[in-house]
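In: Model the structure of this input:
(chains A, B, C and D)
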Amino acid sequence: MRLELTDEDRAFQQQMRDFFTTKVPQELRDRWAAGGEVDPKDFIEAQQTLNAAGLAVPHWPAQWGGQDWSDLQRHIYLQEMQAASVPPPLAFNANMVGPVIAAFGSQEQKERFLPATANLDIWWCQGFSEPDAGSDLASLRTTAVLDGDEWVVNGQKTWTTLGQYADWIFALVRTDPQAPKKQQGISFLLIDMKTPGITVRPIKLIDGGHEVNEVFFENVRVPADQLVGEVNAGWTYAKFLLGNERVGVAPVASIKKVLATAKARAAQARTHTGSLLDEPLVAARIAELEAGVAALELTVIRVAAGSKEGRPDPASSIVKLRGTQLQQDALELLADIAGPASLLWQQPQDTSLEAWTAHATPTYLNFRKASIYGGSNEVQRQIIAGGILGLRA
Amino acid sequence: MRLELTDEDRAFQQQMRDFFTTKVPQELRDRWAAGGEVDPKDFIEAQQTLNAAGLAVPHWPAQWGGQDWSDLQRHIYLQEMQAASVPPPLAFNANMVGPVIAAFGSQEQKERFLPATANLDIWWCQGFSEPDAGSDLASLRTTAVLDGDEWVVNGQKTWTTLGQYADWIFALVRTDPQAPKKQQGISFLLIDMKTPGITVRPIKLIDGGHEVNEVFFENVRVPADQLVGEVNAGWTYAKFLLGNERVGVAPVASIKKVLATAKARAAQARTHTGSLLDEPLVAARIAELEAGVAALELTVIRVAAGSKEGRPDPASSIVKLRGTQLQQDALELLADIAGPASLLWQQPQDTSLEAWTAHATPTYLNFRKASIYGGSNEVQRQIIAGGILGLRA
Amino acid sequence: MDFTFEEEQLALRDAVAELAKRHQPESTGGEVATGPQPLDKAAWTAIAETGLIALPFAEDLGGADASPVEVSVAAVELGRGRIQSPYADALAAATLLARLGTDEQHEQLLAPLLGGDTLVVTAIAEPGCAWSLTPYDVTARQEGDTWLLDGVKEPVRYAPDASHAIVAAKVGEQTGLFVVETGDQERVALAGTPGEPLGQPGAATDDALRAAANLAILTVDSEAFGAMQAALDLTVGYLKTRKQFGVPLATFQALTFRAADMYVALELVRSSVLYTAMALAADPLDDLAASRLKVVAGRGARLVGQEAIQLHGGIGMTAEYAVGHYTSAITEIEHSWGDTTYHLARLAGQVREYAEVSVLR
Amino acid sequence: MDFTFEEEQLALRDAVAELAKRHQPESTGGEVATGPQPLDKAAWTAIAETGLIALPFAEDLGGADASPVEVSVAAVELGRGRIQSPYADALAAATLLARLGTDEQHEQLLAPLLGGDTLVVTAIAEPGCAWSLTPYDVTARQEGDTWLLDGVKEPVRYAPDASHAIVAAKVGEQTGLFVVETGDQERVALAGTPGEPLGQPGAATDDALRAAANLAILTVDSEAFGAMQAALDLTVGYLKTRKQFGVPLATFQALTFRAADMYVALELVRSSVLYTAMALAADPLDDLAASRLKVVAGRGARLVGQEAIQLHGGIGMTAEYAVGHYTSAITEIEHSWGDTTYHLARLAGQVREYAEVSVLR
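Out: Numbers count the residues shown, from 1 in each chain, chains lettered A, B, ... in the order given. Modelled structure (predicted):
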């Protein structure tokens, strides 16, 4: 048991802090901190800056750009990155397809894709969910039929986040419709988005933003060497990927920032006797969320130790579940503090309202997704009940 | 739509208030208000006082002591009774077995049992649950085999509330073990607790009180004319009974009293700057529960209109579910207000602590039963999801 | 106490339901609008022509001599139909005009407002300030016969479509109300701007503001209730038809139990809405009823709005499906006329004033 | 930051688990005790003999030179084993004695307390008053060389089995601590009663009280965590084996999801307990960590305690089954050393003092 950081970890923390706050341009970080729609150029610039310093994919194998960090160091890295408002390395690249290719891809695939993936020279998107295969992902119906040395893909993917910017998509496709179980007969394909037959249709979300898409495949021909690992073994790779996804998602630093912001905003929101921060019910909501996020961060640090070598501890589901709850509660609080000003979603031209109030409600609504995407909270409860407590029907 | 009571209802309200506060002895009502263990004599005295005035079983058929009241009048009656701290007519008599006998019993059974039941000359208890038949009541295994003109009963009942005072028990027994469905082959028997072969074993609860029991039947011989209605049709009567039970249970007036008490106690609990009632977090808890119980009472009045003629509207499940939640929350609040004093469960001989603080925690713990007994909150959610929303697996 | 609708109320309900259906915004197809929208003039005209604005006001003022109960009946259907409109704002402004206006103001401002010819809104919120009916920095001063106003009211929803806004301004330590013309933004910026006084600072003005706010609360929370109903209906329908793992979602008990909790919340809000409508008909200054409604509806509608999205999953997040729009509307409503925390704090400050909750009267 | 137990800590854990198993109160059979019990002398002797009271104190005072981490490890096992004891009270009293006592007091009071020969408890709560470390009506005045105390401290748990209680009393505007003899009731009634001063009113005494309360909070919330673990284990076991409708309860998703939420709460409390143990080892005056623990454990343990009973159904209510006893213990703990609302209000009053939550240091 040890409370304080070691001197080594403290130095590491300082090094990360220095890097993020001096090497990634302030303007870029300010834009990211302000929220709202993402500029893909900012993502690319940030990730390439990190990658040049070996900080884009520290959890990958050392050969492909990984670092030999402890779990705590990885936590510190993520905290400092979020604290400095650096856009994180694109999850589809760094946390999803990269580790899959590194673990299961051919040497040729590794060489072809990993450096470009780490450097965001290729922007990846995810082709997993389908209209009738959400939580029940294994029901997916998009097919790939081998024709010579090409797979011919037909079907539809959905909820493809940031697909409008993507160069490539990694997709689960059904390569053996006759397989006895639905988890069998699925393969993991890498597909260039410029391949003829691919159409991307934007899906607008309730906050007005465009971050997800439908992707349609019509006789899309994919070279056979773009299938990762074994044919029909894609479900294994998908589970590996989804586990990694869960580990990466605890938005601890982000929640802490929202709470710090909420506190600052509440202190600015005048009442007739002081400010909203002087209102005991508001201050208590903040205090309780702060206690909650402290407990969450400690749990993240504790649980990280259990997710060695890419195989996530089911306890990481705690972190996903509780993390999204706190994140949503914190954003709800911020929208409440915005109060009447939150009724406008766009800052008017002439205005005395502060810019942040216009984002408050759309951001609150947008983050209702957090408990749905990346394994819904229901899926996380299922994992906890079944995988940890052994409660299986 | 009408907000105010009619003159008639207002007169009725005053009449009830006068009766309860002048005809039922103050001392008896004070004992009931103070909580703790029940003295059965108080129950009997109160019910007999009510019965003499026609107020013990107003929802029964007029012939057997019922009143031709509107739903609102019945609500007013219950409110005034609870407000005056009059022990309610024993539920096993007034709300459970009485209506079943009145609806399904033979003329002879009605004459034999109903007047005595209304007057609490017979104290009834309920023999439904068994160790392996709780929420899944239809799995009950206690058997009754006809031998001549007697049923021979063997088995075990449990959670028999106040069975230690009971003269008679109404029990569900399996009379046809071969019936194709478990809901079939069940009969509804009336059994004298003095019959040889009956043993009552007390079950102590976590608050230290003794209010439930196990009842064992070993070759208990029950005259055949004590079977209600048709042989093997008991499940129908049980459902009828359980529906009535649900309608009767909204403890609105009781919750309101707990909240009024909580307020008074909080105002007495000194802090260094005033009292606990001056603490915004405490006052807000009270205010929110008050808003909740107001909404509940209005819902009770609205929903009562839907439970004509003993057939409960599934919406009455709302009232049971929300009523127990609010009751439990209010008692939790009271225990919190008792604070450090709640650490003693018995008032010491020499003490400066107020008597109520010793009851606070046991009462809070005791009422965890409220969401379990009488159809657990899970059962109520099942009824709402299935019966109202049509969500059936 | 009786919660049964009268026939005329049922007829009103059906008429507004029909209206709402006709004017319901699109939720499928191309560019679906999200969030707060500018005035839908066609819908607003229909609302006015159906006489909804006139409902709770006296006949001699151009009103329909009905009551807040009818307002609530109408607002529930508007909420269920996802009609965004300045209904609550107009009713609040009309309440101020009806209670405080001169005959001339009744004729020139109230009558056309009730008839839908012009729109008048209230301007209460101030930038950088928490919700309060009492003004912060907006002041009024008299110069000769003229009142001049200074300061900023913002946001003032629908101001660009309104002819006038009624501004709450500090007159010394008191609150005064002033009618000003509106510009083309959702704010009222005042810099020595002349305003026409509406009543005089003092108890009558304070009461009128409370009455206006209470009626507005009833209106928006009735809309919230309509939205809750629609969101729950959509959710239940989705659980019945949507299949995952080869079976309908309704097979999953954890989901159906949550739908049951949504229904419980809905029914409690329904009771609170109906009661508050009757309570405000009896006493427009029944702040207790209004604040309790805001708390019960605030909690209940938020639960239903959030769970409706969650139980739908991804589709609930999209602008191409109605459920998220309901959640969005519910959120806007909660931040109008004081949020749950504001009203809870107000109730908490009053718990000493009575011993026991009472709804029978 | 590292949450791995050292070998000695694991050995301690096993030893206390063994002790707790041996002294676990009956929960089946005839007259099972419910609620707060008088001192179990055998269990207390075992606790003392295992050296648990001495754990966090310096060797030269008769302590074991360990830390709050070891206290927490031990207390978790006591809680899991349903051992009722004055462990937290004794540790609080010992903290006051260790920090403020003279050599003589160390020798005469602290050493036998750490060794288990006598029991000393703290007397802080006053009747009719909300929880506070600052005394209300109990006062101390000096007459010549003697300090005389007036007022009532109540409840003072375990006072009949203690030789002395340390009373917090007002000395003018300050708080003083005084050692008094205890009687045969769980209270300390003072009427011109002589008390032996422990330290002097001022910053050192205030700090000592805070340190004592913080250590006591860690201790009781460690016990609460142990109780949560046991309650969840029982619940999971019950869901797996208990059949209803012909299938195990674990078949019902609505129940297993709630067990999952209990587990989440458990893990968050676990993290908070471990962290607070380390934080208090580093700084006994880390009120922030202690109050956050009290809030997180207060919410979490209450959830687990209530749900454990509910998921069991009727059997959970009985004194003949352990789960209700855990819920009972959890409830007592929540009302000890300031309840959740008290600590939440304390945290709320401090949110201005830092910008962002921080646990790494």
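
In: So which elements touch the host helix or strand of C:L96?
Out: The secondary structure element spanning C:L96 is helix C:87-100 (assigned by DSSP states H and E). For helix C:87-100, the packing partners by 3 or more C-beta pairs under 8 Å, 6 or more residues apart in numbering or on different chains; DSSP states H and E come out as helix C:68-80, helix C:111-115, strand C:120-123, strand C:164-171, strand C:188-198, helix C:203-241. Glycine gets a C-beta too; all of them are placed from N, C-alpha and C.

In: what about 7 Å?
Out: In this structure, helix C:87-100 packs against helix C:68-80, helix C:111-115, strand C:120-123, strand C:188-198, helix C:203-241, with contacts taken as 3 or more C-beta pairs under 7 Å, 6 or more residues apart in numbering or on different chains; DSSP states H and E.

In: Compare those and give me the one nearest chain D.
Out: Closest approach to chain D among the helices and strands packed on helix C:87-100 is made by helix C:203-241 (13.3 Å; C-beta to the nearest C-beta).

In: So which bits of that closest one are buried?
Out: Neighbour-count burial for helix C:203-241, counted by 16 or more other C-beta atoms under 10 Å in any protein chain shown, picks out C:205, C:208-232, C:234-236, C:238-239.

In: ok, then the element right after the lowest-mean-pLDDT helix or strand in chain C?
Out: For chain C, using mean pLDDT, DSSP states H and E, the weakest element among its helices and strands is strand C:243-244, scoring a mean of 88. Using DSSP H and E, the helix or strand that directly follows strand C:243-244 along the chain is strand C:247-248.

In: The helix or strand following that following strand relative to helix D:253-282, how many degrees between them?
Out: Beyond strand C:247-248 in the direction of the C-terminus, DSSP H and E gives the next helix or strand as helix C:253-282. Using axes from the mean of the first three to the mean of the last three C-alpha atoms, to 10 degrees, the direction of helix C:253-282 lies 90 degrees away from that of helix D:253-282.

In: quick one: the next helix or strand after helix C:253-282 near chain A?
Out: Tracing the chain C-terminally past helix C:253-282 and defining elements by DSSP H and E, one meets helix C:287-312 next. Yes. Contact of helix C:287-312 with chain A is found when judged by C-beta under 7 Å from any C-beta of the partner chain, involving C:306, C:309-310.

In: Tally up the residues packed near residue 152, please.
Out: Picked chain A for this. For A:V152, the tally of surrounding residues (other C-beta atoms under 10 Å in any protein chain shown) stands at 17.

In: not quite, I wanted chain C
Out: 21.

In: does it sit in a helix, a strand or a coil?
Out: Following DSSP: H, G, I helix; E, B strand; the rest coil, C:V152 is assigned to strand.

In: how close does A:M16 get to A:A260?
Out: Note on A:M16: its distance to A:A260, by C-beta to C-beta, to the nearest Å, is 19 Å.

In: quick one, which of these two is more surrounded?
Out: Under the neighbour definition other C-beta under 10 Å, A:M16 and A:A260 were set side by side, and A:M16 has more, 21 against 17.

In: overlap between the residues of helix C:287-312 next to chain A and the residues near chain B?
Out: Okay, of these, nothing touches chain B (C-beta under 7 Å from any C-beta).

In: Return the member of the residues you listed nearest to D:L149.
Out: Minimum distance to D:L149 across the residues of helix C:287-312 next to chain A is 55.2 Å, recorded for C:Q306 (C-beta to C-beta).

In: Okay, the closest one and C:G324: tell me how far apart.
Out: Distance from C:Q306 to C:G324, counting by C-beta to C-beta: 11 Å.

In: Give the residue from the two that has the larger number of neighbours.
Out: The residue with the greater number of neighbours, taking C:Q306 and C:G324 and applying other C-beta under 10 Å, is C:G324; the counts read 26 against 22.

In: since we're on the closest residue to chain C within the stretch 201-350 of chain A, how many residues are nearby?
Out: The shortest separation between the stretch 201-350 of chain A and chain C is 3.3 Å, found at A:I206 (distances taken as C-beta to the nearest C-beta). Taking other C-beta under 10 Å as the neighbour definition, A:I206 ends up with a count of 29.

In: what's the closest residue in space to it that isn't next to it in sequence in contact with, if anything?
Out: Nearest in space to A:I206, with sequence neighbours left out and distances taken as C-beta to C-beta, 6 or more residues apart in numbering or on different chains, is C:G324 at 3.3 Å. Remark: with contacts taken as C-beta atoms under 7 Å, 6 or more residues apart in numbering or on different chains, C:G324 is in contact with A:206, C:309, C:316-318.

In: Please indicate which of these are buried?
Out: The buried subset of the contacts of C:G324 - by 16+ other C-beta under 10 Å - is A:206, C:309, C:316-318.

In: in what helix or strand does the residue nearest to A:I206 lie?
Out: With DSSP H and E as criterion, C:G324 is part of helix C:322-334.

In: how far off helix C:203-241 does that helix point, in degrees?
Out: Using the same axes, to 10 degrees, the interaxial angle of helix C:322-334 with respect to helix C:203-241 works out to 160 degrees.

In: I'd like the helices and strands packed on helix C:87-100 as TSV, with mean pLDDT and distance to D:A348 appended.
Out: As requested, these are exported to TSV (pLDDT from 0 to 100; distance: least, C-beta to C-beta, whole Å):
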stretch	mean pLDDT	distance to D:A348
helix C:68-80	98	35
helix C:111-115	97	44
strand C:120-123	98	33
strand C:188-198	97	35
helix C:203-241	98	27
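
In: With distance to B:D132 added, can I get these in TSV?
Out: What follows is these, written out as TSV (distance: least, C-beta to C-beta, whole Å):
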stretch	distance to B:D132
helix C:68-80	47
helix C:111-115	68
strand C:120-123	64
strand C:188-198	71
helix C:203-241	32
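
In: Within range of chain B, give me the residues from the stretch 1-150 of chain C.
Out: Counting by C-beta under 7 Å from any C-beta, the stretch 1-150 of chain C sits next to chain B at C:1-6, C:69.

In: Give me the subset of those that lies in strands.
Out: Secondary structure defined by DSSP state E assigns none of the residues of the stretch 1-150 of chain C next to chain B to strands.

In: Please parse chain A into its domains.
Out: Residue ranges for the domains of chain A, per automatic domain parsing: A:7-89, A:124-232, A:249-388.

In: Which member of the residues of helix C:287-312 next to chain A is positioned nearest A:M193?
Out: Ranked by distance to A:M193 (C-beta to C-beta), the residues of helix C:287-312 next to chain A are led by C:I309 at 29.2 Å.

In: what's the spacing between the residue most central in space within chain C and C:W44?
Out: Per C-alpha atoms, centre = their mean, the C-alpha nearest to the average position across chain C is that of C:V220, at 2.6 Å. C:V220 is 16 Å from C:W44, where distance means C-beta to C-beta.

In: swap in C:E104?
Out: Distance from C:E104 to C:W44, by C-beta to C-beta: 25 Å.

In: the more surrounded of the two?
Out: C:W44 (23 against 9).

In: Which residue comes closest to the residue in the stretch 151-300 of chain A positioned nearest to chain B once chain neighbours are left out?
Out: For the stretch 151-300 of chain A and chain B, the shortest gap (C-beta to the nearest C-beta) falls at A:P280, measuring 3.7 Å. The shortest distance from A:P280 to any residue other than its chain neighbours is 3.7 Å, reached at B:P280 (C-beta to C-beta, 6+ apart).
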